[in-house]
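K.L.:
show me how the following folds:
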Amino acid sequence: MTATHTQPLEQRERRRARGGPVRDVVGLMLLPLPLVAAVATMSFAGGGTRRWFGRGESQRADAQAAKDAAAAAFYELDTAQRDLRITIETITAVDSSPRARQAAQDYEDFGRRIDEVSQAYITAVDSHDLDRDDLDGGAAARARADLTRAKDELNRVKGELDRFAQGLAPLLQTAETQLAQLAPAVERARQALMAASDALDTVRAQGLRADELAARLAALGPELTKLNQGAGQHGVQETIRRADDVQRKAGEIRAEAERLPARAAEIDKRLVSLRTRAQAITTRAGKVEPILSELRRRYSAACWQDLQHVPERAAQSVEQAEVKLREAQQARDEQHWADATSRLATVRALLDSTDEAVSAAGDRLQRLDAVSFDRQKEVDRTRFAIRDAQRLAMAGRSTPDPRHAQPLDDAVARLDRAVAGLEGRHPDWWHFLTETEAVRQTAARVVQDIREGRGGGTGTGTGTGTGTGTGG
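P.N.:
Model prediction:
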């Protein structure tokens, strides 16, 4: 018998035990197939082999379960941290408020705590090799304790992280709302620019250059470049603001381009109309001199001396208007629409003032003839206005308010003086007319003050106050 066979059975069993399950399996694989079947039968029948799943293996399994649970906790914490980082990046991309900055700082603090518990978990995993053949029960128990402690720390930090993430919900909702507005805002800006460009192409096809509009559209090019660079470079709020601004300006360009044909037609129409009006005023101005001659013949100098320069001034104004008309026509031909519109407005103002001055001469003669023929009509009209105001001032009162009574008393006295001033051989009828008009204006102001003081009421039993108008 060899030395091996003479060794005590106990020593051989310890050697077999130290070989472990792996070595037992390898040994079985080397046996002839019939013998393997026999050994297997003996093993399941309780014949002379070691128990694979005793107390040591149970402790190893518990440690492995603790390791798996810690790995799951580590994965969940890592996932939660990644999700929270996306949340923080979303918030800080939109919101620069102190609350948002504090949230970012708190996230950084969480990151350091996560690093600490993650490192503790990795250390626990690296410190225990649960696949060792010679892992004893004590080592397995220590591994289980360390891994369970690492898992509990990972879960604790994840719970705090979840609560922190829940507190960020209002900030995140606001940020997501703005982010949801970003892409549509940029797209609207692009569409507005395209529509403006198409509108310019359309008017150019009609022979209108629209150079000023084209320059304004070209000026939006750098803004479009910044929009294309995105919110990552310029910020969400700034990008949305820029997109809205581009959309607004492009919309204005498009609208003006679409109105340009009608604007050109309107300028052409106004050129014709104002030329015709200038010619008509020139004709009417030629009739002012005969009117002035009649005024000089029949009335005192005070009634007409402010009109004696009307013919000369009318001729000068019409000449200036014709110069501006030629300038407006040139601006129209060169398609400088703003310049043409501005010059036409100047022409209209000149013709308006000239028309008023020319009309004043004929109106003056007509009014003087009417009042010199029947002064009482003007007096009655003015007294009615005063009485109307007096009735309103006394409505619901035993005595009038001094603020109203005094101006009305003064108006009565002023009318009496105007009437008395008509005595004499050559009365100043124009002074009389201006005085009666001033008296009616005073009465009208009193009526307005009373009604405003009474909350806009129309008064009671005092008439409508229409007789207080200035009239002719």
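
K.L.:
could you check how far stretch 417-424 is from the centre of its chain?
P.N.:
Centroid displacement of stretch 417-424 relative to its chain, using C-alpha atoms, centre = their mean, to the nearest Å, is 66 Å.

K.L.:
same question, stretch 381-400
P.N.:
That offset, for stretch 381-400, works out to 54 Å (C-alpha atoms, centre = their mean).

K.L.:
buried residues in it, which are they?
P.N.:
Buried residues in stretch 381-400, counted by 16 or more other C-beta atoms under 10 Å: 382-394, 400. C-betas here are computed from N, CA, C, even on glycine.

K.L.:
next one: stretch 217-225
P.N.:
Leu217, Leu220, Glu223, Leu224.

K.L.:
mind listing which of those residues are in helices?
P.N.:
Judged by DSSP state H, the buried residues of stretch 217-225 include Leu217, Glu223, Leu224 as members of helices.

K.L.:
any idea how far the second one is from Ala420?
P.N.:
Remark: distance between Glu223 and Ala420 (C-beta to C-beta, to the nearest Å) = 75 Å.

K.L.:
quick one on the thing from earlier: return the member of the ones in helices among the buried residues of stretch 217-225 nearest to Arg242.
P.N.:
Glu223 (5.9 Å; C-beta to C-beta).

K.L.:
can you pull the poorly scored residue ranges out of the stretch 151-300 of the chain?
P.N.:
Scanning the stretch 151-300 of the chain with the threshold set as pLDDT under 70 gives 232.

K.L.:
if we use 50, what do you get?
P.N.:
Within the stretch 151-300 of the chain, not a single segment meets pLDDT under 50.

K.L.:
what are the ranges of the helices in it?
P.N.:
169-205, 211-218, 221-229, 231-234, 236-285, 288-298 (DSSP state H, counting those that start in this stretch).

K.L.:
how about the shortest one: buried residues?
P.N.:
Looking back up the chat, that one is helix 231-234. Ala231.

K.L.:
likewise the second one?
P.N.:
Neighbour-count burial for helix 211-218, counted by 16+ other C-beta under 10 Å, picks out Leu213, Ala214, Arg216, Leu217.

K.L.:
farthest pair within the residues you listed?
P.N.:
Once C-beta to C-beta is applied, the buried residues of helix 211-218 give Ala214 and Arg216 as the farthest pair, at 7.3 Å.

K.L.:
now do the contacts for Arg284.
P.N.:
The contact partners of Arg284, taken as C-beta atoms under 8 Å, 6 or more residues apart in numbering, are Asp355, Val358, Ser359.

K.L.:
what's the helix or strand containing the last one packed up against?
P.N.:
If you go by DSSP states H and E, Ser359 is part of helix 337-373. Contacting helix 337-373 under the criterion 3 or more C-beta pairs under 8 Å, 6 or more residues apart in numbering; DSSP states H and E are the following elements: helix 236-285, helix 288-298, helix 310-333, helix 375-394, helix 429-453.

K.L.:
what mean pLDDT does the last one get?
P.N.:
Just to be clear, that refers to helix 429-453. Averaged over helix 429-453, pLDDT sits at 92.

K.L.:
repeat for the third one
P.N.:
In this model, helix 310-333 has a mean pLDDT of 93.

K.L.:
how about the contacts made by the residue nearest to Thr436 when sequence neighbours are not counted?
P.N.:
Nearest residue to Thr436, sequence neighbours excluded (C-beta to C-beta, 6 or more residues apart in numbering): Thr382, at 4.5 Å. Contact analysis of Thr382 by C-beta under 8 Å, 6+ apart lists Leu415, Thr436, Val439, Arg440.

K.L.:
buried residues in stretch 276-284?
P.N.:
Buried residues in stretch 276-284 (16+ other C-beta under 10 Å): Arg277, Ala278, Ile281, Thr282, Arg284.

K.L.:
ditto for stretch 156-172
P.N.:
Here stretch 156-172 shows Val157, Lys158, Leu161, Phe164, Ala165, Leu168, Leu171, Leu172 as buried, counting by 16+ other C-beta under 10 Å.

K.L.:
thinking again about what came up before, nearest to Asp333 among the buried residues of stretch 276-284?
P.N.:
Ala278 (19.2 Å).
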